[in-house]
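**Q** Turn this into a structure:
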Amino acid sequence: MASQEIHNTCYCNIEYKDFKTGFSFNDIRQMLWKESQEKREKENHYMFITRHTVLGRWHEIKQRLWKEHQDILDEYGCDCQLESVKIKNIADEDENII
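**A** Below is the predicted model:
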């Protein structure tokens, strides 16, 4: 939990709770169903898919995407952050003119 508290908000002011994966519940369920079918064919292993299974996988995906989002921002910077710096610089210049 400590790591989530430290990285709760990224540089572009998106909070973890507002970060979206782009997947719906049914999308994740379909992924799990396909994975279940493949395991059944290869390993003769049945995977029981419940609501809890879907939500757990969805949480894993969100955490992975959040980490990738943070890593990309650390490596390449953030357009939102650069834009806010430009706006601040323009505002500072306007104050100096007046």
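
**Q** how about Ile61, what does it touch?
**A** Thr21, Phe23, Ile28 (Cβ atoms under 8 Å, 6 or more residues apart in numbering). Where you see a C-beta, it was placed from the backbone N, CA and C, and this is true even at glycine.

**Q** if you set the cut-off to 6 Å instead, what comes out?
**A** Ile61 sits next to Thr21 when contact means Cβ atoms under 6 Å, 6 or more residues apart in numbering.

**Q** Tell me the secondary structure at it.
**A** helix (DSSP: H, G, I helix; E, B strand; the rest coil).

**Q** quick one: Asn13 from Leu65, how far?
**A** Look at Asn13 and Leu65: by Cβ to Cβ, to the nearest Å, they are 17 Å apart.

**Q** try Asp27
**A** To Leu65, Asp27 is 13 Å away according to Cβ to Cβ.

**Q** Just want to know which of Asn13 and Leu65 has more residues nearby.
**A** Using other Cβ atoms under 10 Å, the more surrounded residue of Asn13 and Leu65 is Leu65, with 15 against 11.

**Q** Before we move on, what's the pLDDT of the more buried one?
**A** pLDDT, Leu65: 88.

**Q** The helix or strand bottoming out on mean pLDDT in the chain: what's the following helix or strand?
**A** Least confident helix or strand of the chain, by mean pLDDT, DSSP states H and E, is helix 2-6 with a mean of 42. Following helix 2-6 in sequence order, the next helix or strand is helix 25-43 (DSSP states H and E).
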